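J.: just the structure for this:
(one chain, ligands or ions: 1)
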Amino acid sequence: MRTPYYQYDLGILENTLKSIKESTAQHIDWHVHYAIKANANPLLLKLIKEYGLGIDCVSGGEINVAMENGFPASSIVFAGVGKADWEIDLALKSDIACFNVESEAELDVIAERCAALGKTAHIAFRVNPDVDAHTHANITTGKAENKFGIEIPMLLPIIRKALDNPCFAFEGLHFHIGSQILDMEPFHLLCQKVNALQDLMEKEGIKLNSINVGGGLGVDYVNPELNPVPDFKQYFSIFENNLKLRKGQQLHFELGRAVVAQCGQLITKVLYVKQGTVKKFAIVDAGFTELIRPALYGAHHKIVNMTSDGPVQKYDVVGPICESSDVFGKDEMLSEVRRGDLIALMSAGAYGEAMSSQYNCRPLPPSVEK
Ligand code: LLP
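T.: Numbering: from 1, shown residues only. So this is what the prediction gives:
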């Protein structure tokens, strides 16, 4: 197999999906949509579909990939602050389940496109709940300063506008506060915000058929072998115990990372071991072109030398890209590294392959089932 490549352990994915199923089984009105942006590899999508998850999309390309992989349009929700006209048309023609509308300007364009195509749009409004997810600044989405969603003081007139237009079927409200959230408190706060907002809507005579609380559950990047499956019971119980849903109301989730992160590893080969005056470098053939999370967010993926049991030594593990940010780990304690060793970057199933690029004219990485 040409390196670097992604390797997916479908056993781990299956255990993860089973756990999601078990934790939500008693709620027929709960729907989990897989956030396909995390990884659109068909190997994973096949299993995710078998477990009955819907899909959360943020682009027309994702809608196409979801449908090509057999997900019914009726299980697709579509978010994004910048939906292009062709993407809106595609979603309308495909009869997706719901647009998560992020601004009044977008609402107006969807109305225009509905009129042009003779279609009705099911819509929810994405609310910016101003909840701090206490995660990396680049993956926080629910604060007033973020570009996402409609701020609460501006919400009511926009909902009224939608209710007055027969081309819309108004479904409810959508939230997403951020990603890689391990402390459950922000989700708890989100529930309180949703409850307060529901009370307000009820006073205004506005009925919500559905609430969508987005995604964001984090995974254990430090000890992936100990915790291959996130604690879904704890996560879902926060919503079960704190959200005051009305009778018959649907609850939607959009989990990405928690579904696929732990089943994927990026496998890379050591090209050179280079001894500097203060550092020893293990130069591998994967770079931020294959896994950009360390360079972009300062993220750390556990690094394992799969082919050596030599004495443990300290290395900076770096890629071949001509940029100083192309570093996977500094002062990593690894079994003695030699040219040709295979190194695994763990927990790379989410936002790994999906964010890979061809910078430096490098080919995209292949993938295999483990
Ligand atoms: N719903 C919406 C509207 C989203 O924007 C996202 C992720 C999700 C659901 C899924 O969130 P998750 O369950 O995966 O946390 N590339 C970054 C993460 C960006 C997340 C963007 N939105 C990373 O590698 O950490």
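
J.: just name the shakiest helix or strand of the protein by mean pLDDT.
T.: Among the helices and strands of the chain, strand 150-151 carries the lowest confidence by mean pLDDT, DSSP states H and E, at a mean of 88.

J.: how far off centre is the helix or strand following that one?
T.: Sequence-wise, the next helix or strand downstream of strand 150-151 (DSSP states H and E) is helix 155-163. Relative to the centre of its chain, helix 155-163 is centred 28 Å away, using Cα atoms, centre = their mean, to the nearest Å.

J.: and for helix 155-163, what are the contacting residues?
T.: Residues outside helix 155-163 that contact it (Cβ atoms under 8 Å, 6 or more residues apart in numbering): 101, 104, 107, 123, 125, 127, 150, 168, 170, 197, 201, 204, 206. To be clear about C-beta, it is placed using only N, CA and C from the backbone, and glycine gets the same treatment.

J.: circling back to that earlier point, strand partners (parallel or antiparallel) of the least confident helix or strand of the chain?
T.: Strand pairing for strand 150-151, using DSSP bridges, gives strand 121-128 (parallel).

J.: could you give the angle of the strand it pairs with to helix 155-163?
T.: Interaxial angle, strand 121-128 versus helix 155-163 (axes from the mean of the first three to the mean of the last three Cα atoms, to 10 degrees): 170 degrees.

J.: list the buried residues of the longest helix along the chain.
T.: Assignment by DSSP state H gives helix 185-203 as the longest helix of the chain. Neighbour counts using 16 or more other Cβ atoms under 10 Å place Pro186, Phe187, Leu189, Leu190, Cys191, Lys193, Val194, Leu197, Gln198, Met201 of helix 185-203 among the buried residues.

J.: OK, contacts around the nearest residue to the second one once chain neighbours are set aside?
T.: Yep, that's Phe187 we're talking about. Distance criterion Cβ to Cβ, 6 or more residues apart in numbering; nearest residue to Phe187, sequence neighbours excluded, is Ile238 at 4.8 Å. By Cβ under 8 Å, 6+ apart, the contact set of Ile238 is Met184, Phe187, His188, Cys191.

J.: tell me where the stretch 1-150 of the chain has helices.
T.: 10-24, 42-50, 60-68, 85-94, 104-117 (DSSP state H, counting those that start in this stretch).

J.: just the contacts of Ile238 that are near the ligand?
T.: When Cβ under 6 Å from any ligand atom is applied, no member of those is adjacent to the ligand.

J.: redo those as a markdown table? Include pLDDT.
T.: Shown next, in a markdown table, are these (pLDDT from 0 to 100):
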| residue | pLDDT |
| --- | --- |
| Met184 | 95 |
| Phe187 | 96 |
| His188 | 95 |
| Cys191 | 97 |
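
J.: between those, which is closest to the ligand?
T.: Nearest to the ligand among these: Phe187, at 11.5 Å, using Cβ to the nearest ligand atom.

J.: flag every residue of the stretch 201-350 of the chain that's near the ligand.
T.: Counting by Cβ under 6 Å from any ligand atom, the residues of the stretch 201-350 of the chain near the ligand are Gly214, Gly215, Gly216, Leu217, Glu254, Leu255, Gly256, Arg257, Ala258, Arg293, Tyr297.
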